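Enquirer: Below are the sequence and a predicted model; questions follow.
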Amino acid sequence: MAITAIKGFNDILPNESGRWQHIEQAARRVFELNGFSEIRVPIMEKTELFCRSIGDATDIVEKEMYTFIDKGDNSITLRPEGTAGVMRAFIEHKLHAQDPVSKLYYLGPMFRYERPQKGRYRQFHQIGAEVTGVNDPLVDAQVLNMLCAFFREIGLDEPSLQINSLGCPECRPAYRAALLKFLEGRLDQLCEDCRRRFTTNPLRTLDCKAAGCAEATQGAPSMLDNLCGGCGQHFDSVRCYLDSIKTPYKINPRMVRGLDYYTRTTFELVTGLLGSQSAVAAGGRYDGLISQLGGPSIPGIGFAIGVERVALLLGQQDFSRRPDLFIATMGAAERAGAFVLLTELQNLGVRVEMDYEGKSLKSQMRRADKLKTRYSVVLGGNELESGRALFKRMEDGLQIESVLTADAINEIVCPD
RNA sequence: GUGGCUAUGGUGAAGCGGUCAACACUUACGACUGUGACUCGUACAUUCGAGGGUUCAAAUCCCUCUAGCCACCCCA
């Protein structure tokens, strides 16, 4: 039995890599337009970093991390998300000392030990962006708009933006207490999972899919009604800024995030097209994270896009590039000549293909057709002698005669 | 971690106990000894996820394992 890939680890084959490049290039374009720079950080970190940032009691840390002991007896973890590593680098290299505002983006694989299913894999990819050093809700709005702009750029307008505020260490505890009090009286109406959530993560009962729970929590207190003055104002301003640039959004007071570090603004881009995985991108503000990791007291906000989920939404669009020209040859001498021509044309930026092993003209032409090349040319004794050849436009069969120089061919094949 | 479903060639699949494992696509070569797409021909699974068992006979029935998918939990 041949060796296969690890469960939940996927190969991105040539027929889909074009789609991935399309997604990545769009992100780079949009993010750089917004003044973001790429940061590349390792895919492994000391385990402690994730425990301290994501939260010891979260599912990610408790049961989903790829953690192992290396030969130096250190506990190492494959990153389950990107923000922690980026913030570690930010603090370690004191980026805040060079510029009070930093706008960073990253992309790459993340790892979580979960049962794979549609849109969820053990190795998956995220494209993320982070802004540090700005408290103002203006930047929340810019980040949200940038996220939406990315989706417009790749031609997806289906996902809708939902926003919420989780409050801050000032107001969240009080809200949590109020919610617990509310739920306490209705424990018997909640599903089994929610009774467990009551102790582990009471906010989660608010977005439970069970009909009984939805009904029981109907009149539950809303975080948005319990924000402190600062958080309330912040949220209102975010909405105001979003309205001013006509970025559509929906307020979802029941939206909950899975990482402990979020404060104030949180958001998700959701879709109904991915089975049970509705979030294609999500993020939020994390004003306490940097100091919690031992850095200065600097606020931050960011998001991550699930690349596999985006790729799934893009569907089967063809992103492959067509060659400009296929050179068919009639013999060994012609093949040698074609090879020289091919390299000359490549130097001019023309995408050229040719036959490598002396196949019949028939099969060379078939290959040209299969590659969807735009033009083809046959080089035989006649052409070599006269220095001229017929260039055939494949879509309609029109033949154009030209001298066999790279410049002249370039004119025909790539006119602009 | 829990549950459901499925496993036949490069791909999509027929086959439901009995001669060479249908068909389609893909691929290769040819019909056309210098021109693709349409058409036609030829070739391409000693073998049906793996291992056991039942039977004179198993891709077809039974058991075990493995893998994949989908869902739950949770999440991008």
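Expert: Ah, there it is.

Enquirer: Only C-alpha atoms from now on, for both contacts and neighbour counts.
Expert: Fine.

Enquirer: Can you get me a residue count around whatever residue of chain A ends up closest to RNA strand B?
Expert: Proximity of chain A to RNA strand B (Cα to the nearest atom of the strand) peaks at A:G258, 2.4 Å away. By other Cα atoms under 10 Å, the residues close to A:G258 number 13.

Enquirer: Let me know the secondary structure of it.
Expert: Following DSSP: H, G, I helix; E, B strand; the rest coil, the label given to A:G258 is coil.

Enquirer: residues touching it, list them.
Expert: A:58-59 (Cα atoms under 8 Å, 6 or more residues apart in numbering).

Enquirer: care to break chain A down by domain?
Expert: A:14-171+A:227-314, A:325-413 (automatic domain parsing).

Enquirer: Could I get the buried residue list for the one helix or strand A:K103 maps to?
Expert: If you go by DSSP states H and E, A:K103 is part of strand A:102-111. By neighbour count on 16 or more other Cα atoms under 10 Å, the buried set for strand A:102-111 is A:102-111.

Enquirer: wait, does the next helix or strand after it contact RNA strand B?
Expert: Next in sequence after strand A:102-111, counting helices and strands by DSSP H and E, comes strand A:123-132. Yes. Strand A:123-132 lies within reach of RNA strand B by Cα under 7 Å from any atom of the strand, at A:124-126.

Enquirer: for those, which one is nearest A:D318?
Expert: A:H125 (20.9 Å; Cα to Cα).

Enquirer: Which strands and helices lie in contact with the helix or strand encompassing A:G85?
Expert: Take DSSP H and E as the rule and A:G85 turns out to sit in helix A:83-92. Helix A:83-92 sits against helix A:47-54, with contacts defined as 3 or more Cα pairs under 8 Å, 6 or more residues apart in numbering; DSSP states H and E.

Enquirer: Can you tell me the strand partners of the strand or helix carrying A:T77 and which way each runs?
Expert: Using DSSP H and E, A:T77 sits within strand A:75-78. For strand A:75-78, the pairing partners within the sheet under DSSP bridges are strand A:44-46 (antiparallel), strand A:66-69 (antiparallel).

Enquirer: okay, the domains of chain A in JSON lines with distance to A:G219 and mean pLDDT next?
Expert: As requested, these are arranged in JSON lines below (distance: least, Cα to Cα, whole Å; pLDDT from 0 to 100):
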{"stretch": "domain A:14-171+A:227-314", "distance to A:G219": "12", "mean pLDDT": "94"}
{"stretch": "domain A:325-413", "distance to A:G219": "61", "mean pLDDT": "92"}
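
Enquirer: circling back: include distance to RNA strand B when you put the buried residues of strand A:102-111 into a markdown table, please.
Expert: Listed next are the buried residues of strand A:102-111 as a markdown table, based on distance: Cα to the nearest atom of the strand, whole Å:
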| residue | distance to RNA strand B |
| --- | --- |
| A:S102 | 21 |
| A:K103 | 19 |
| A:L104 | 17 |
| A:Y105 | 14 |
| A:Y106 | 13 |
| A:L107 | 12 |
| A:G108 | 11 |
| A:P109 | 10 |
| A:M110 | 8 |
| A:F111 | 8 |
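
Enquirer: Taking these together, which two end up most distant?
Expert: Longest span within these, Cα to Cα: A:S102 and A:F111, 26.0 Å.

Enquirer: number of nearby residues for the closest residue to A:I23 other than its chain neighbours?
Expert: Nearest non-adjacent residue to A:I23, counting by Cα to Cα, 6 or more residues apart in numbering: A:I154, 6.5 Å away. When neighbours are counted by other Cα under 10 Å, A:I154 registers 17.

Enquirer: what do you get for A:G219?
Expert: Count around A:G219 with other Cα under 10 Å applied: 9.

Enquirer: That one - that's part of a helix, no?
Expert: No. The assignment for A:G219, made by three-state DSSP, is coil rather than a helix.

Enquirer: Which pLDDT does the model give it?
Expert: Looking at A:G219, its pLDDT stands at 83.

Enquirer: how far away is it from A:Y175?
Expert: 14 Å (Cα to Cα, to the nearest Å).

Enquirer: For the buried residues of strand A:102-111, could you give me a markdown table that also reports distance to A:S320?
Expert: Output for the buried residues of strand A:102-111, formatted as a markdown table (distance: Cα to Cα, whole Å):
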| residue | distance to A:S320 |
| --- | --- |
| A:S102 | 36 |
| A:K103 | 32 |
| A:L104 | 30 |
| A:Y105 | 26 |
| A:Y106 | 25 |
| A:L107 | 22 |
| A:G108 | 22 |
| A:P109 | 23 |
| A:M110 | 26 |
| A:F111 | 28 |
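
Enquirer: that older thread, is the strand holding A:T77 in proximity to RNA strand B?
Expert: No. Using Cα under 7 Å from any atom of the strand, strand A:75-78 stays clear of RNA strand B, coming no nearer than 13.5 Å.

Enquirer: next one: stretch A:19-30
Expert: No. Counting by Cα under 7 Å from any atom of the strand, RNA strand B is not contacted by stretch A:19-30; separation bottoms out at 13.7 Å.

Enquirer: Wasn't A:Q233 part of a helix?
Expert: Yes. Per three-state DSSP, A:Q233 lies within a helix segment.

Enquirer: List the contacts of the helix or strand containing A:A389.
Expert: Assigned by DSSP H and E, A:A389 belongs to strand A:388-393. For strand A:388-393, the surrounding residues in contact (Cα under 8 Å, 6+ apart) are A:374-379, A:383, A:398-404.

Enquirer: circling back to that earlier point, next up, the contacts around the residue nearest to A:I23.
Expert: A:22-23, A:26.
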